[in-house]
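Enquirer: Structural data only, the sequence is not supplied:
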């Protein structure tokens, strides 16, 4: 099951339209989707905006087939399955998805810098205007772009890719993976029993990936080539050979119908830096209530920073709940900060939601 297997609400607006909600979530990654669920639990009408065209953020864009092991109660879950579950969890409250659009400007409804108590107006790069009482930013690392494989641009779509969207797409292929981080090693392990062959090329001797994963890779059928770099790709309409230059200058040829360049990515938080929020080293500074320096704007997940911050999906879930609950009391000071336990309500909506 994928995130897009679960139908998004038909109320999803087109570019240039107007949306009016209680809470806007900026970023549709794991923390953002959980924030949307929790906002619904608090009885808040919610919209989610993301520059990507499907929910899931970095998880769906970069490692949908990768197993994630640090989500409570799930011994292992593939990235796409986690996102599908989060979309389904939020769906009961019918959040409005504004996908393929970047949150661009933040003002009050008069077009000025917002002050406490103002209705907020977020305008996207495609002209959609979202009026809301509060904002929760869960933008992860911001807009991210895979680092390109030198000399590989002409092979994109002809055998070169930067992410494994579906493991089955590489069944029976000779696959060369370039990189030495967790993604490169995880994909090598996942493809070892599916592909005809898997070769990992890393420019250094030692890998940055988890030591246990590297050890598993080195024990299996994966061919590991270190102190080497891909020098060129060769093929006709499709890729068929990868040439690898070794540290001693020797060049070896490896059959490959697929090259996965796992070279990391660059990130940019873009327009958020102009929102008047206190940002240090591309991270949004928050307090213990996940408040930013702008009234009515909260933040959660990897994009946040505070003393003792730990960047894990599991931490992001807790921060999202904290941000939404505090946003709920900002919107209505008569509401309690603690909404009660969902298990106390058979409908799973909560006393606080019923009171709104």
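Expert: Received it, and whenever you're ready, just let me know what you need. Nothing here was measured: the structure is a model prediction, and the numbers come from that model.
Enquirer: Low-confidence stretches in the stretch 1-150 of the chain?
Expert: Along the stretch 1-150 of the chain, segments meeting pLDDT under 70 span 1-15, 140-144.
Enquirer: give me that answer again for 80
Expert: 1-16, 61-63, 65, 140-146 (pLDDT under 80).
Enquirer: Quick one: the helices in the stretch 151-300 of the chain, in order.
Expert: 182-191, 211-219 (DSSP state H, counting those that start in this stretch).
Enquirer: Tell me which of the ones you listed sits most buried.
Expert: Ranked by mean neighbour count, the helices of the stretch 151-300 of the chain are led by helix 182-191 with a mean of 23 (mean count of other Cβ atoms under 10 Å). All C-beta spots, glycine's among them, are computed from the backbone N, C-alpha and C.
Enquirer: Determine the set of other helices and strands touching that one.
Expert: strand 174-178, strand 197-201, helix 211-219 (3 or more Cβ pairs under 8 Å, 6 or more residues apart in numbering; DSSP states H and E).
Enquirer: now the second one: how far from the chain's centre is it?
Expert: Relative to the chain's own centre, strand 197-201 is displaced by 27 Å; criterion: Cα atoms, centre = their mean, to the nearest Å.
Enquirer: Repeat that for the last one.
Expert: Taking Cα atoms, centre = their mean, one finds the center of helix 211-219 at 26 Å from the center of the full chain.
Enquirer: And it, what does it pack against?
Expert: Using 3+ Cβ pairs under 8 Å, 6+ apart: helix 211-219 touches helix 182-191.
Enquirer: ok, back up a step: compare the helices and strands packed on helix 182-191 and give me the one nearest residue 245.
Expert: strand 197-201 (9.8 Å; Cβ to Cβ).
Enquirer: okay, the helices and strands packed on helix 182-191 in JSON lines with mean pLDDT and distance to residue 185 next?
Expert: Below are these laid out as JSON lines (pLDDT from 0 to 100; distance: least, Cβ to Cβ, whole Å):
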{"stretch": "strand 174-178", "mean pLDDT": "97", "distance to residue 185": "8"}
{"stretch": "strand 197-201", "mean pLDDT": "97", "distance to residue 185": "7"}
{"stretch": "helix 211-219", "mean pLDDT": "95", "distance to residue 185": "5"}
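Enquirer: No further questions, thank you.
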